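Q: Sequence first, predicted coordinates after that:
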Amino acid sequence: MAEEVKTGMCGLCGMHCRISLRVKDGELVGVESPWGKGSTIGKLLGGVVTSCPRANAAKEYLYHPSRLNFPLKRAGARGENRWQRISWEQALDEIAQNLAEIRGKYGAEALVIEANGEHNCSEEFRARFQHLFGTPNYAGHQPVCFGAFTMLGLMVSGFVIGMAPLRPETRCLMLIGINPAVSFPQIWRLMRAFQKDGLKVIVADPRRSEAAMAADIWLQHRPGTDTALLLGMTNVIINEGLYDRDFVSRWCHGFEQLVQRVQDYPPEKVADITWVPADKIREAARLYATTKPAQIRHGMGLEEIPNATPAHHARCILPAITGNLDVPGGETLETGHPGILPITEIELSDKLPREQKEKIIGRQYKLSTWETYDKIRENVKKVTARPLPVYWLSVVANAPSVLHAIVDEKPYPIKAVITEATGTLLSFPNAKLVYEALRKVDLHVAMDVFMTPNCQLADYVLPAASPLEKPGFFGGEYTHSFDGGVAAVDPLYERKPEFYLWRELGVRLGQEAYWPWQTLEEAFDYRLAPLGVTFKQFIEEKRGHDSLPLEYKKYEKAGFGTPTGKFELYSTMLEEAGYDPLPWYKEPPSSPIASPELAIEYPLILITGRKVRRTYHSQFHQVESIRKKHPEPLVQINPSKAADLGINNGDWVWIETTVGRSKFKCEYFHGIAPQVIYAEFGWWFPEQPEGEPSLSGLWQSNINAVIPDICDEASGTWVLRGIMCKVYRAED
């Protein structure tokens, strides 16, 4: 049989690249990026075919001998690693019965779900099941993955800010808390291409990353001081008259109050806080404000710091006062694509009763509550008729609070957990608390592609279809484009897409009337109805992509979707919620300045979240072609500091905080301050024994085992960067 090329959408990381799937005789032969084949990005890059290590390993990943293939039921004690193979029917029947009994005894809120949708985005179906079941407690990752930023952007503008791709018109790009060379390769490649045509780049990063090395200006700030840095730049822009007077006077609310606030952050004071020289702060502010159009791109480095909410606020203010909002090459204000059915039609969040919404764990973080969402939704109606979906916002149960609630049974008992395509033990702070919580619940159902540490502590383990074994659909809600792709092959063995889990559990629990689709393709047909095509036609006729021309200055039609109708530099919604309506800086609680006595024992500052280019979060560690190129967990240490500590390049070291310690291999790195270290995350060792006590090496190099569960006071984002620690050689 001749080789067939299918249109796919990669789910092997969160970028959702369109790909070509080469299939012969029903077997995946290879995966290719379409960038070099006449695409817009390919043309911009000179027709260069880019290579992704995960795509290159797709066949190895799909057919890996360690994949989960059949449903399993725990046969021994939890964590003992004794399993009984059962059918899907038995698994679903028993899980549904257990959930019904728990709901009847403790209430629907006794179920917590933590899910990622295996990156081909089935979270809307999880949300449908959750809301119909009646639990408000989805403890997702959204707060530290752009959810809190999206909420804040909607609060101050009524739009989703800055989700469009980097464009040739952009003349200045500021990167803060992001190294796209590793985490966003499309942005990185476009940035490098546009630099040849004069694009200026500012990078704010505690490390001399690849992006910092390519920058015109590198701002090496102290971890956790991002807000102060942004306010210092705002001070310069305002006091030197570099702001857009026309836009500010016509479209901004609270400029006078902002003027007063930034007087508290002159460059010299900010230099003392951030370690960035005052002259560099001025230089960066002037370049950004005068080189138009400009964009800011931020990543998890801004999401996972103390006081992330004012950092997001300050980040949104800069493009507003400089006139870089919704202009060609600037930052877009997104309202979504009308060619697909609003995701609210899938989520059915209005089916969750108000009294249940009020039981959400973590109500103290008011930016993550249903009350805030409802107010934002009403404001957004002023500028778009498209309903505001929930699934990407941080309207979630606060994960650290959920874990404490499970252990302490306050404010009420939580008895069941479903973890789907997620590694809570490796991604949430205070991994020992996560472990204690997973051990305590009455029912833990895990669905994944491999037997992860999470799965090893489950009662039922369900085999998930990989992104290569199911169709995918992504975008269109917060962006002007969306993509889709078919499966490379049908699911092997008894693997199933997550849609199957949520639908079948829903049917068994009285939701049958709300699940009219038998397959993912049918559900995608339903969403594509406004475009007048089926999913099959979308793939065949549109090659899995649809995009609208960018429309600019949308606010000129109906204003901004805020209480004042303007972009709120001074946020009336933050004020109403009891928070400071202007951005502000507060010293991180875990810092040598805030806790000088603790700094005597823990003098260094730990940044976590370092990504390995070849892996993705905690995935692909068992894929040999990837693992052999990066076999061990690394921590970057300045050589001068390492010498003071008696640590050689390549030595194994302990990183220790107040909550635990974890082992990493030292990598000398001159581009980091002597007071700072930078550790990789997501490490476990699939080659080590499954089950207790090893749990596949869970505790050996799990950086989240040393991270305390500190949260931002407004949004509840948990702090993964800027933690006090010490480092010493691991003599054993």
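A: Yep, that arrived.
Q: how close does the residue nearest to residue 443 when sequence neighbours are not counted sit to residue 142?
A: Nearest residue to residue 443, sequence neighbours excluded (CB to CB, 6 or more residues apart in numbering): residue 416, at 4.2 Å. To be clear about C-beta, it is placed using only N, CA and C from the backbone, and glycine gets the same treatment. Residue 416 sits 21 Å away from residue 142, going by CB to CB, to the nearest Å.
Q: Among the two, which residue is more densely surrounded?
A: residue 142 (25 against 22; other CB atoms under 10 Å).
Q: Give me the most central residue, this protein.
A: Residue closest to the mean C-alpha point of the chain, counted by CA atoms, centre = their mean, is residue 145 at 2.5 Å.
Q: Isn't that residue up against residue 300?
A: Yes. Residue 145 is within contact range of residue 300, at 7.2 Å (criterion: CB atoms under 8 Å).
Q: Could you measure from the residue nearest to the centre of the chain over to residue 723?
A: Relative to residue 723, residue 145 is positioned 19 Å away (CB to CB).
Q: and what of residue 259?
A: Per CB to CB, residue 259 is found 35 Å from residue 723.
Q: Give me the contacts around the strand or helix carrying residue 418.
A: Per DSSP states H and E: residue 418 is located in strand 416-420. Identification of contacts with strand 416-420 by CB atoms under 8 Å, 6 or more residues apart in numbering yields 98-99, 102, 110-118, 126, 406, 437-438, 441-448, 454, 458, 464, 498, 501.
Q: which ones among those residues are found in strands?
A: 111, 112, 113, 114, 115, 443, 444, 445, 446, 447, 448 (DSSP state E).
Q: And the strands in the stretch 551-700 of the chain?
A: Along the stretch 551-700 of the chain, counting by DSSP state E, counting those that start in this stretch, strands occupy 567-568, 604-610, 634-637, 652-657, 660-668, 676-680.
Q: what pairs with the shortest one, and is each one parallel or antiparallel?
A: Right, strand 567-568. strand 252-253 (parallel) (DSSP bridges).
Q: Average pLDDT for the partner strand, rounded please.
A: Here strand 252-253 scores 98 as its mean pLDDT.
Q: Need the contact partners of it.
A: Strand 252-253 is contacted by residues 320, 321, 562, 564, 566, 567, 568, 569, 570, 572 when judged by CB under 8 Å, 6+ apart.
Q: so how far is it from its chain's centroid?
A: 30 Å (CA atoms, centre = their mean, to the nearest Å).
Q: what does stretch 558-576 give?
A: Mean-position distance between stretch 558-576 and its chain equals 26 Å (CA atoms, centre = their mean).
Q: re earlier: looking at the ones in strands among the contacts of strand 416-420, point me to the pair that's furthest apart.
A: Within these, 111 and 448 form the most distant pair, 18.6 Å apart (CB to CB).
Q: can you tell me the helix or strand for residue 422?
A: Using DSSP H and E, residue 422 sits in no helix or strand.
Q: same thing with the one 10 residues further on?
A: For residue 432, the enclosing helix or strand under DSSP H and E is helix 431-440.
Q: Run the angle between that helix and strand 660-668 for me.
A: Angle of helix 431-440 versus strand 660-668, following axes from the mean of the first three to the mean of the last three CA atoms, to 10 degrees, is 130 degrees.
Q: ok now helix 431-440, how far from the chain's centre?
A: For helix 431-440, the separation from the chain centroid amounts to 22 Å (computed by CA atoms, centre = their mean).
Q: returning to what we had before: tell me the average confidence for the helix or strand just after the strand holding residue 418?
A: Toward the C-terminal end, the helix or strand that comes next after strand 416-420 (DSSP H and E) is helix 424-427. The pLDDT scores in helix 424-427 average 92.
Q: now do stretch 341-357
A: Stretch 341-357 carries an average pLDDT of 93.
Q: Could you list the buried residues of the lengthiest helix in the chain?
A: Longest helix of the chain, by residue count under DSSP state H: helix 88-106. Neighbour counts over helix 88-106 (16 or more other CB atoms under 10 Å) mark 88, 91, 92, 94, 95, 96, 98, 99, 102, 103, 106 as buried.
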